[in-house]
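Peer 1: what shape does this take:
(4 chains)
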Protein chains: 2
Amino acid sequence: MSAPSMNLLRGTLDLLVLRTLSHGALHGYAVSRFIRESSRDALQIEEGALYPALRRLEKKGLLESWWDATDTGRDAKFYELTDTGRAHLERELAQWERYVEAMRRVLFEAEPPLALGAP
Amino acid sequence: MSAPSMNLLRGTLDLLVLRTLSHGALHGYAVSRFIRESSRDALQIEEGALYPALRRLEKKGLLESWWDATDTGRDAKFYELTDTGRAHLERELAQWERYVEAMRRVLFEAEPPLALGAP
DNA sequence: TCTTATGCATAAGATTTTTAGGTATGCGGC
DNA sequence: GCCGCATACCTAAAAATCTTATGCATAAGA
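Peer 2: Have a look, this model is predicted:
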């Protein structure tokens, strides 16, 4: 298990979690594993970030949770998107794409600014 | 001047500033204007974020600064990338691209996880 | 003269993340 | 039987970085 190559960008965790849960109900640990695996170990969610985030999203009404047993018979807390959460996810997805596009313009496409008095 | 459509993602400001200054020396206000214009008003750097960021980057040795007059005869503080800053920018640029790619995998390409006991 | 744009700066508050701990159980290997 | 590891949850302190609000000052233009 290789170390994650970078820290999380603030603000992207909610999007990752919501998108992961859009496939169906999962418990927290499975959410973390899914993000790590589907990003090919590039993104590793720290537990100290994950669990508070899940509670935050539930408090906002974007998730619902309940305790249940996993396939292996262990107790775990499952989370599922609410309708509100699903709508919120779509907005956040669109916003992420706009953000990436805006960054791309500035980073790779912008015309150099006029030189201003640089000696 | 339209309102910015979204808040800055934490951690991307340094990259935007360094990239902007990679075109040549500019003063802070011009950096802000360049980012806003080249992102087509999508990204608006708040002054309360910009000026501390410039000082932070200078303290880290990524920028150098000096006071000079602008074309219009006003005093302004100009910033320029150091060699260290330029090297740092390249690393951050590469990291941003890896991050976007990792996000893309999770958001748009991932296979749905196995359902785990969702009733 | 009044408003807008230019130009810098700091402080308080909010939010989110990292770091660093704690608890407990199931399973495989030895 | 026991050890180590993966599984599964949680919290608190600290760090980082942003928004919001405020202050100062000058140039240009209506």
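Peer 1: looking at this, A:His23 is in a helix?
Peer 2: No. Secondary structure assignment (DSSP: H, G, I helix; E, B strand; the rest coil) places A:His23 in coil, not in a helix.
Peer 1: how about it, nearest residue that isn't a chain neighbour?
Peer 2: Nearest residue to A:His23 in three dimensions, chain neighbours excluded: B:Pro112, at 3.8 Å (C-beta to C-beta, 6 or more residues apart in numbering or on different chains). No exception for glycine: its C-beta is placed from N, CA and C like everyone else's.
Peer 1: now do A:Leu107
Peer 2: B:Arg19 (5.2 Å).
Peer 1: please apply the same query to A:Glu46.
Peer 2: Closest to A:Glu46 by C-beta to C-beta, 6+ apart is A:Leu8, at 7.9 Å.
Peer 1: thought A:Glu80 was touching A:Ala25?
Peer 2: Yes. Between A:Glu80 and A:Ala25 there is a contact at 4.1 Å, judged by C-beta atoms under 8 Å.
Peer 1: the more surrounded of the two?
Peer 2: A:Ala25 (20 against 16; other C-beta atoms under 10 Å in any protein chain shown).
Peer 1: residue in chain A with the shortest distance to DNA strand C?
Peer 2: A:Gly48 (1.9 Å; C-beta to the nearest atom of the strand).
Peer 1: picking up where we left off before, the residue nearest to A:Glu46 contacts A:Leu50, doesn't it?
Peer 2: No. Applying C-beta under 8 Å as the test, A:Leu8 and A:Leu50 come out as separate, 10.2 Å apart.
Peer 1: and whichever strand or helix holds the residue of chain A closest to DNA strand C, what other elements does it pack with?
Peer 2: Element membership for A:Gly48 (DSSP states H and E) is helix A:47-59. When contacts are defined as 3 or more C-beta pairs under 8 Å, 6 or more residues apart in numbering or on different chains; DSSP states H and E, helix A:47-59 sits against helix A:13-21, helix A:28-38, strand A:63-69, strand A:75-81.
Peer 1: ok, which of these comes nearest B:Arg40?
Peer 2: B:Arg40 lies closest to helix A:13-21 among the helices and strands packed on helix A:47-59, at 22.4 Å (C-beta to C-beta).
Peer 1: and the angle from the closest one to helix A:47-59?
Peer 2: Relative orientation of helix A:13-21 and helix A:47-59, computed by axes from the mean of the first three to the mean of the last three C-alpha atoms, to 10 degrees: 70 degrees.
Peer 1: thinking again about what came up before, okay, the helices and strands packed on helix A:47-59, which one's buried deepest?
Peer 2: helix A:13-21 (a mean of 23; mean count of other C-beta atoms under 10 Å in any protein chain shown).
Peer 1: tell me if that one is near DNA strand D.
Peer 2: No. Judged by C-beta under 7 Å from any atom of the strand, helix A:13-21 stays clear of DNA strand D, getting no closer than 12.1 Å.
Peer 1: mind listing residues that contact that helix?
Peer 2: A:26, A:31, A:34-35, A:43, A:45, A:49-50, A:53-54, A:56-57, A:62-63, A:79-81, A:85, A:88-89, A:92-93, A:96, B:103, B:106-107, B:110, B:113 (C-beta atoms under 8 Å, 6 or more residues apart in numbering or on different chains).
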